[in-house]
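Student: sequence first, predicted model second:
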Amino acid sequence: MISDNWPGYSLDLFTYPQHYYGDLEYVLIPHGIIVDRTERLAKDIMQDIGDNDIVVLCVLKGGYKFCADLVEHIKNLSRNSERFISMKVDFVRLKSYHNDQSMQDMQIIGGDDLSKLNGKNVLIVEDIVGTGRTMKVLLNNIEKYKPKMIKVASLLVKRTSRPDGYRPDYYGFEIPDLFVVGYALDYNEHFRDLNHICVINDHGKTKYRV
Ligand code: HPA
Ligand code: MG
C-alpha cells in the first residue's frame, strides 16, 4: 500500500523519455518494482488457479503492459513447476476517461466476440481500478456469457472517497487518489511509452489536454 503522504521518487533518479521532461511531478512506482510485484501476483494466481485452462482477458489499452508481463511470468512459473496452465489471451477495449475525469457512461468499443467465454475460467487483467464502476459494468457484461469462473487482476487500486469501492481478486499496489500515467496508463493517449508509473504535473495536464 502506498500511503497518501508518500513523496515518491525524484525524477532525477531514473531515466525517462525526454519529450516528457517538465510534464511530471515524481515517480510513484519505478518500473523494476512493478515487474517484481507482477512476478509475485503471477505466483499467487498460479497457486489459486493453476491446473485450470484460463482465458486471460486483457482490458485495452491501459492493461497491455501489465497483461504482457503477467502472462510472461505465469508462463515462466508454469514451465518451472509441476503445475501446468494453459492460457489463451483475448482483448476487450473500454473507454471511460476524458482528460483526467471519469465520464458518466463507459463504452465497450471493441474486442472479440465475448460469447466464447462461455464455460471458461476467465482472468480479467486491468491496469487500474478507481471507483470500480468500470469493472462492475464489465463484470455484468461478461457474466451474461456464463463463464465457469471470473477473477480480476488489476495492477493498481486507487483509494477513492467511495467506501463501497470494488476490490479485485488480485492487485499490485493500492495508491492514493492521484492521476497517474506510465506503464501503459495514459493521459489522453500520451505517456503510454513511459515505463515508470508517475504523477503528472499541471504543466503536463495543460500540454496534453484535449
Ligand atoms: N491514470 C490513467 N488512467 C486512469 C486513471 C489514472 O490515474 N484512473 C483511471 N483510469
Ligand atoms: Mg483502464
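Tutor: In hand now; what should we look at? Only a predicted model underlies this, so the values are computations on that prediction, with no experimental measurement involved. Ligands and ions are numbered 1, 2, ... in the order given.

Student: make it CA atoms for all contacts and neighbour counts henceforth
Tutor: Fine.

Student: next one: stretch 32-45 to chain centre, how far?
Tutor: A distance of 13 Å separates the C-alpha centroid of stretch 32-45 from that of its chain, computed with CA atoms, centre = their mean, to the nearest Å.

Student: dump that stretch to CSV, restricted to CA.
Tutor: What follows is stretch 32-45, C-alpha atoms only, in CSV (Å, rounded to 0.1, in the frame of the first residue of the first chain):
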residue,chain,number,x,y,z
GLY,A,32,11.6,-2.5,-11.7
ILE,A,33,9.2,-2.7,-8.7
ILE,A,34,6.2,-3.1,-11.0
VAL,A,35,7.9,-6.1,-12.6
ASP,A,36,8.9,-7.7,-9.3
ARG,A,37,5.4,-7.3,-7.9
THR,A,38,3.9,-8.7,-11.0
GLU,A,39,6.0,-11.8,-10.6
ARG,A,40,4.6,-12.4,-7.2
LEU,A,41,1.0,-11.8,-8.4
ALA,A,42,1.7,-14.4,-11.1
LYS,A,43,2.8,-16.9,-8.4
ASP,A,44,-0.4,-16.2,-6.4
ILE,A,45,-2.6,-16.7,-9.4
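
Student: now for the lengthiest helix in the chain, which elements pack on it?
Tutor: The helix spanning the most residues in the chain, taking DSSP state H as the definition, is helix 31-49. With contacts taken as 3 or more CA pairs under 8 Å, 6 or more residues apart in numbering; DSSP states H and E, helix 31-49 sits against helix 64-79, strand 170-175.

Student: got the buried residues for the first one?
Tutor: In this case it means helix 64-79. By neighbour count with 16 or more other CA atoms under 10 Å, helix 64-79 contains the buried residues 64-67, 69-71, 73-75, 77-78.

Student: which residues touch the closest residue to ligand 1 within the chain?
Tutor: Residue of the chain nearest ligand 1, by CA to the nearest ligand atom: Phe179 (3.4 Å). Shown in contact with Phe179 (CA atoms under 8 Å, 6 or more residues apart in numbering): 100, 199-200.

Student: give the buried subset of those residues as a PyMOL selection command.
Tutor: For selection in PyMOL, the members of the contacts of Phe179 meeting the burial criterion (16+ other CA under 10 Å) are listed in this command:
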select buried, resi 199+200
